[in-house]
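> Give the three-dimensional model of this entry:
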Amino acid sequence: MLQRRASRLFLLNRGARAPIARAITRASSDDAHAAPFPAVTDVKTPSELDAMVPKSHSQAIIFDFYADWCGPCKTLTPMLERAVEKVWPKAALVKLNTDSPALAPVVEQLRISSLPTVMGMVGGKFVDQFKGAIPEAEVEKFVARLVSGLEETTAVGEGSTGDGSAAADYGVGLDAATAAVFGGVGTLEESVRTHVATVLTGVLNARETGPEMKCRAFAASAMLALRSDPMDVAGAEELLAAGKKLVDGFTEPKEMAMVEARLELSRDVAIGDDLEARKAAHEAEPKNFENLRALALALYAAGDSEGACETALKSVKPSFGSQDVREEGKKLVVRLIDAVGSGTPLAEATRKRLSNLWFL
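Next up, the predicted model:
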């Protein structure tokens, strides 16, 4: 079954939706303990969906994507309403008309391609779904599974021993998610994006994770936004700012600097740039800094970080050009080092070569 964090729906594509950091913060706020939603709610705008995320910590939220012209939808929706009314307030049904222009970004983001589609959210994440009209007995089982999952999640939260084991588990997941998003450039595969978004939202919403872990998760979320299609630079900036606010009494994680560097590069890099044309231009004028810089960025955008660093280092050589040009070359190399990640073998090797070339 599909499993997607709220970040996938609400956080990684700003559009008409609320800012990423605000939505994440709300997902674990005390709003979850306010009055429950009615058994059935019609949602008409993406902004109304924001309120569903924190509420899913105290109610199982069932999203019914339908259309007025859809025959199976007309059969399924009344069954969903009856099943939810039997267990309310433990569950609530949210109806979304996919023909509504205002909801088009949500439909596109979740790749709703057939109707009806029903998705269940518990604890700030999508945990189950089905498509098409199914027997009423199966609808009731679907709702019951979500309610059961909600009760288990609540019990775990209330029964936490505080021995650090949960935090350690989150740490393992965060390490893997961070490695995935910072391990390349370009758009991530959908399955990877889904899993990473799940892990990161879990870290950000968990009571067991401290500010340092959340800071790293914000940085990784920002990187995920940069590796979306299209690239969400504004969302990444917002996430990065949210992470920086948490830095207090501990060293800023290196991932923050990596995101900052990649944000800078993203303003210059065009993913899918004509790499061969850049190579030809550089070969035609090997000491033209703008051509060299464009090639280095194109190599980086293509995923060849080593080639990008190698190319950028040429501009630091004393024989390349004036001192001013070498200064610009040095800045380019430093940006690439930060983007690759301080402490990685490539970054440290490039830093050492930069130092040797600069003082020749």
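> Can you tell me the element residue 138 falls in?
Per DSSP states H and E: residue 138 is located in helix 136-158.
> Contact partners for residue 291?
Residues counted as contacts of residue 291 (CB atoms under 8 Å, 6 or more residues apart in numbering) are 278, 281-282, 284-285. Glycine gets a C-beta too; all of them are placed from N, C-alpha and C.
> looking at this, it is in a helix?
Yes - assigned with DSSP: H, G, I helix; E, B strand; the rest coil, residue 291 falls within a helix.
> For the closest residue to residue 88 other than its chain neighbours, give its distance to residue 178.
Leaving out its chain neighbours, the residue that sits closest to residue 88 by CB to CB, 6 or more residues apart in numbering is residue 39, at 4.1 Å. Residue 39 is 40 Å from residue 178, where distance means CB to CB, to the nearest Å.
> Equivalent analysis for residue 193, please.
As judged by CB to CB, residue 193 and residue 178 stand 14 Å apart.
> Likewise for residue 129?
27 Å.
> more crowded one of these two?
Higher neighbour count among residue 129 and residue 178: residue 178, with 22 against 19, using other CB atoms under 10 Å.
> Is that one within a helix or a strand, and which one?
Assessed by DSSP H and E, residue 178 sits inside helix 165-182.
> which residues of the stretch 1-150 of the chain score low on pLDDT?
Scanning the stretch 1-150 of the chain for pLDDT under 70 picks out 1-35, 50-51.
> Strands of that one, residue ranges please.
For the stretch 1-150 of the chain, applying DSSP state E, counting those that start in this stretch gives strands covering 4-5, 40-43, 60-66, 91-97, 117-122, 125-131.
> Check which helices and strands the fifth one sits against.
Looking back up the chat, that one is strand 117-122. Counting contacts by 3 or more CB pairs under 8 Å, 6 or more residues apart in numbering; DSSP states H and E, strand 117-122 packs against strand 60-66, strand 125-131, helix 136-158.
> what's next to it, contact-wise?
Under the criterion CB under 8 Å, 6+ apart, residues 2, 6, 52-53, 56, 60-65, 76, 80, 110, 126-131, 142, 145-146, 149-150, 153 lie in contact with strand 117-122.
> how about 7 Å then?
With CB atoms under 7 Å, 6 or more residues apart in numbering as the test, strand 117-122 has contacts from 52, 56, 60-65, 80, 126-131, 142, 146, 149-150, 153.
> Minimum distance to residue 262: which of the strands of the stretch 1-150 of the chain has it?
strand 4-5 (21.8 Å; CB to CB).
> Report how many residues lie close to residue 298.
Neighbours of residue 298 under the rule other CB under 10 Å: 26.
> That one belongs to a helix?
Yes - counting by three-state DSSP, residue 298 is located in a helix.
> how far away is residue 217 from residue 228?
Separation of residue 217 from residue 228 (CB to CB): 17 Å.
> Between the two, which has more neighbouring residues?
residue 217 (30 against 17).
> ok, the more buried one - contacts?
By CB under 7 Å, 6+ apart, the neighbours of residue 217 are 174, 200, 203-204.
> now the strands for the stretch 201-350 of the chain?
Per DSSP E, counting those that start in this stretch, the stretch 201-350 of the chain carries no strands over any range.
> for it, which spans come out with low pLDDT?
Short version for the stretch 201-350 of the chain, where the test is pLDDT under 70: 267-273, 342-343.
> In it, what residue spans correspond to helices?
Per DSSP state H, counting those that start in this stretch, the stretch 201-350 of the chain carries helices over the ranges 211-226, 233-244, 254-266, 275-284, 289-301, 305-314, 323-340, 345-358.
> Residue 170: neighbouring residues, count only.
Residue 170, neighbours per other CB under 10 Å, totals 21.
> Test my guess that it contacts residue 209.
Yes - assessed by CB atoms under 7 Å, residue 170 is found in contact with residue 209 at 5.2 Å.
> overlap in contacts of the two?
What both residue 170 and residue 209 touch, as defined by CB under 7 Å, 6+ apart, is the set residue 203.
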